[in-house]
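Enquirer: dropping a prediction and its sequence here:
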Amino acid sequence: MANIINDETIEYVGILAKLELSDEEKEQAKRDMGRMLDYIDKLGELDTEGVEPMSHIFPMQNVFREDGITNTDTRGELLANAPEEKDGMFAVPRTFE
Amino acid sequence: MAKEYETVIGLEVHVELATKTKIFCGCSTAFGAAPNTQTCPVCTGMPGALPVLNKQVLEYAIAVGLATNCDITRYGKFDRKNYFYPDNPQNYQISQLYLPICKKGSIEIETQAGGKKKIGIHEIHMEEDAGKMIHDAWEEWSLVDYNRSGVPLIEIVSEPDMRSAEEVIAYLEKLRLVIQYLGASDCKLQEGSMRADVNLSIREVGATELGTRTEMKNLNSFKAIARAIEGERARQIDLIEEGKAVVLETRRWDDAKGESYSMRSKEDAQDYRYFPDPDLVPIVVSDAMLEEIKAKQPEFRTEKMARYKEEYDIPDYDIDIITSSKHMADLFEATVAICNQPKKVSNWLMGETMRLMNEKEIEPQDLSFSPENLAKLIALVDSKAINSSVAKEVFEVMFTQDIDPNEYVEENGLQTINDEGALRKTIEEVITNNPQSVKDYHNGKEKAIGFLVGQTMKAMKGKADPGMINRILKELI
Ligand SMILES: [Zn+2]
């Protein structure tokens, strides 16, 4: 494996992903991430000199919608997915700005 | 000797666009609906939902870019900004990092010294707004309403070209006016349709390197912005003088306390891992599209002022005030189009309208009376159906409730009584009851007649034509 993920990186990725990993899971994640990066490195072997970076894989552009209201009130369906609900809103553990 | 410092300020201004629907879905953007009733799988981040760009958002963004002398990006795209927060149901905000729609613009402001100064615009990009969180101090929950999630925004990022609170406010006022003239947003700071974040750093006068900046959020009025700038300048100077470092961070301004506090937390790594959004296809702005938008650009303030000077016989001062608000200028033009009396329309706007706006603390963009009703009121005065003091009374009601003045005058019996016989009778009584004033008048006290007119008006319950009273009075005494 060419890419070695250190403890600091996995700690940082854990914070970004809001995941708490056990030591065992961290070791597993380090190995997996290293292998993923090795795979990505393969792409670096290609000569991309003079090739414009692509931002979309389909040869499409300018897909727009007109500014007209098409949606109606479906709050019932939406809130059916909410773990907790209060006054028509999602209730989440208290968060500060 | 004390060191002298220079304040360096750049602004990030978010503007909510005045579209009917959200940026990537057909949900309404109307303000004030019950929580979560204007949502769908796209704007609540359901897996598999597919965003599609609202064409009007692109057109408004380009129009603002053109009006602020920007280069329009001909090949653009959207990127995902990744972060976790309950107001952001997708766990990413769709924004533009790599290829923003507009770049390298500028607007000109007038400085306090009376000169002009160019403020650079680094870029303008399109993005979606987040939902709204309600934090109840006494509850263990925070509540989330996604009606605002996906409302279209443009973010206008200035260069760090401003040096004082006055320049910042001049820049914001100019920007707001341009956007209001375009009809792209109502730009209300109090309601959050225009939000300004202030990036500020301090350096010694003469220094060329920029100091470490902070970003100040939660500024809901021009006054709050000015106070926050003064507060942050003082805080940073204190730090520097104490030999401490300014920390690059986001701070939240508490206007009631007049101080700011850091919004940073250990868990909050500022690493957004932007990448192109694969759900949205690239945007190619063709020459034709650009020409079409250019052709639709409205008449801006400078052009409007020049035209008013040419077309209407009203003072420059009036022109300045009327055109300082797009809504007021529209109201003026629409009323003139009906009654063709620019001077009288201007007088109503400059006089009673301004007086009531000050009294009721109303912004020009919130004036709610219609041009039709103002034209009717002017016609009522012209035809002498009502006198000018009754007209002011009627206007005051119109100002808040936009009533039809014809109906209102009719219903409340406010018409001037043009029955000369009745008026003559009243005046005769007034003369009999006020012999002293009549005597004063005969002794050369011209003013005494004013008192008699007043008494007559009072007896007529204000519904008489003062000109007619004057004539009859002079005839009888
Ligand atoms: Zn939606």
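Expert: Received it, and whenever you're ready, just let me know what you need. Here the structure is a predicted model, which means the values were calculated and not measured. Numbering: from 1, shown residues only, chains lettered A, B, ... in the order given.

Enquirer: where exactly do the strands run in the stretch 1-150 of chain B?
Expert: For the stretch 1-150 of chain B, the strands defined by DSSP state E, counting those that start in this stretch cover B:5-16, B:53-54, B:71-72, B:75-76, B:79-82, B:92-95, B:102-110, B:116-128, B:132-135, B:141-145.

Enquirer: an error on my part: the question was meant for chain A.
Expert: For chain A, the strands defined by DSSP state E occupy A:64-65, A:85-86, A:89-93.

Enquirer: redo those as a markdown table? Include mean pLDDT.
Expert: Formatted as a markdown table, these follow (pLDDT from 0 to 100):
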| stretch | mean pLDDT |
| --- | --- |
| strand A:64-65 | 97 |
| strand A:85-86 | 92 |
| strand A:89-93 | 92 |
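
Enquirer: in the chain, where's the longest helix?
Expert: Assuming you mean chain A. Criterion DSSP state H: the longest helix present in chain A is helix A:23-44.

Enquirer: the chain in question should be chain B.
Expert: Per DSSP H, chain B has its longest helix at helix B:222-241.

Enquirer: who are the packing partners of that one?
Expert: Judged by 3 or more CB pairs under 8 Å, 6 or more residues apart in numbering or on different chains; DSSP states H and E, the packing partners of helix B:222-241 are strand B:5-16, helix B:165-182, strand B:194-204, strand B:214-217, strand B:249-254, strand B:259-262. Using the backbone N, CA and C atoms, a C-beta is placed for each residue, glycine as well.

Enquirer: report whether the longest helix of chain A contacts chain B.
Expert: No. On the criterion CB under 8 Å from any CB of the partner chain, helix A:23-44 is out of touch with chain B, staying 13.0 Å away.

Enquirer: for that helix, name the packing helices and strands.
Expert: Using 3+ CB pairs under 8 Å, 6+ apart, helix A:23-44 is in contact with helix A:7-16.

Enquirer: could you give the average pLDDT over the helix it packs on?
Expert: What helix A:7-16 shows for mean pLDDT is 90.

Enquirer: buried residues in it?
Expert: Judged by neighbour count using 16 or more other CB atoms under 10 Å in any protein chain shown, the buried positions of helix A:7-16 are A:I10, A:V13.

Enquirer: just the angle for the longest helix of chain B relative to strand B:249-254, thanks.
Expert: 130 degrees (axes from the mean of the first three to the mean of the last three CA atoms, to 10 degrees).

Enquirer: so how far is helix B:222-241 off the chain centroid?
Expert: Chain-centre distance of helix B:222-241: 25 Å, with CA atoms, centre = their mean, to the nearest Å.

Enquirer: repeat for stretch B:109-118
Expert: 21 Å.

Enquirer: now stretch A:32-41
Expert: Worked out by CA atoms, centre = their mean, stretch A:32-41 lies 17 Å from the chain centre.

Enquirer: quick one on the thing from earlier: hey, which of the strands of chain A is tucked in deepest?
Expert: Counting by mean count of other CB atoms under 10 Å in any protein chain shown, strand A:89-93 has the highest mean neighbour count of those, with a mean of 19.

Enquirer: let me know whether that strand sits next to chain B.
Expert: Yes. Judged by CB under 8 Å from any CB, strand A:89-93 comes into contact with chain B at A:M89, A:F90, A:A91, A:V92, A:P93.

Enquirer: quick one, what contacts the second one?
Expert: Pointing back at A:F90 there. For A:F90, the contact set (CB atoms under 8 Å, 6 or more residues apart in numbering or on different chains) comprises A:L79, A:A82, A:E84, B:N36, B:P86, B:L143, B:V144, B:Y146.

Enquirer: the same query, at a cut-off of 10 Å, please.
Expert: A:78-79, A:81-84, B:35-36, B:44, B:86-87, B:89, B:131, B:133, B:141-146 (CB atoms under 10 Å, 6 or more residues apart in numbering or on different chains).

Enquirer: quick check: phi and psi on the residue in the stretch 151-300 of chain B positioned nearest to the ion?
Expert: Residue nearest to the ion within the stretch 151-300 of chain B: B:V151 (9.8 Å; CB to the ion). Note on B:V151: backbone dihedrals following degrees, to the nearest 10 are phi -70, psi 130.

Enquirer: from chain A, how far out is it?
Expert: 13 Å (CB to the nearest CB, to the nearest Å).

Enquirer: now B:D279
Expert: For B:D279, the distance to chain A - CB to the nearest CB - is 9 Å.
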